[in-house]
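Trainee: sequence and predicted structure below; questions after.
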Amino acid sequence: SQHSLTHKIRRSNFSLTERSGIQASGGAPAMSNRLNTTPNDLRAFWMPFTANRQFKQNPRMMVAAKDMHFSAADGRQVLDGTAGLWCVNAGHCRPLITEAIRQQVGELDYAPAFQMGHPKAFELANRLIDIAPDN
């Protein structure tokens with residue numbers, strides 16, 4: 001439920017901020033959760049191919065996505081012209097895809113290809129060979 005998720009996030013972030021010693025106004029540990037649109041601290045995360053100093057002075061936060069668009073923190077819809085840098089070519093949050101991911105993660109979220117495997121990896125490889133041109 002939303003309440004238990006928020007509680008877990010707050011509990012997790014409290015222990016992180018408690019260890020870091022970051023203080024909010026009034027001396028209490030700074031509290032943050034991932035539902036906030038602007039993080040408390042932008043220092044640690046380096047962004048490739050980004051003018052980091054300029055970004056951190058004027059952050060442009062995307063907080064959601066659906067189909068071909070991101071939703072910015074201010075509510076604007078922003079076209080995802082790079083398809084999530086080639087990771088979401090079919091669009092964001094497509095119900096058929098998210099359900100397939102949910103089912104697979106429920107069975108096995110990751111299997112390394114180092115001296116072990118998962119049958120679906122071999123099934124996919126064979127399907128690709130079957131549709132690929134010869135040579």
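Mentor: Good, I have the coordinates.
Trainee: next helix or strand past the least confident helix or strand in the chain by mean pLDDT?
Mentor: Lowest on mean pLDDT, DSSP states H and E among the helices and strands of the chain sits helix 2-20, with a mean of 43. Later in the chain than helix 2-20, the nearest helix or strand by DSSP states H and E is helix 52-57.
Trainee: tell me how far the helix or strand just after that following helix lies from the chain's centre.
Mentor: Following helix 52-57 in sequence order, the next helix or strand is strand 62-66 (DSSP H and E). Relative to its chain's centre, strand 62-66 lies at 10 Å (CA atoms, centre = their mean, to the nearest Å).
Trainee: mean confidence for strand 62-66?
Mentor: When pLDDT is averaged over strand 62-66, the result is 92.
Trainee: low-confidence ranges, this structure, go.
Mentor: Where the chain drops to pLDDT under 70, the residues are 1-38.
Trainee: can we see that at 80?
Mentor: For the chain, the stretches with pLDDT under 80 are 1-40, 84-86, 135.
Trainee: which residues touch residue 78?
Mentor: 62, 69, 70, 71, 72 (CB atoms under 8 Å, 6 or more residues apart in numbering). The way it works is simple: take the backbone N, C-alpha and C, and place the C-beta from them, glycine included.
Trainee: what's the burial count for residue 92?
Mentor: If you count neighbours by other CB atoms under 10 Å, residue 92 ends up with 19.
Trainee: which strand residues bridge the nearest residue to it once chain neighbours are set aside?
Mentor: Among residues not flanking residue 92 along the chain, residue 65 sits closest, at 3.5 Å (CB to CB, 6 or more residues apart in numbering). Beta-bridge pairing of residue 65 under DSSP bridges involves residue 70.
Trainee: these two touch, right, residue 65 and residue 98?
Mentor: No: using CB atoms under 8 Å, residue 65 is not in contact with residue 98, being 11.5 Å away.
Trainee: neighbour count: the two, which is higher?
Mentor: Set residue 65 next to residue 98 and count neighbours by other CB under 10 Å: residue 65 wins out with 17 against 11.
Trainee: in contact with that one, which residues?
Mentor: Counting by CB under 8 Å, 6+ apart, residue 65 touches 71, 80, 84, 88, 92, 93.
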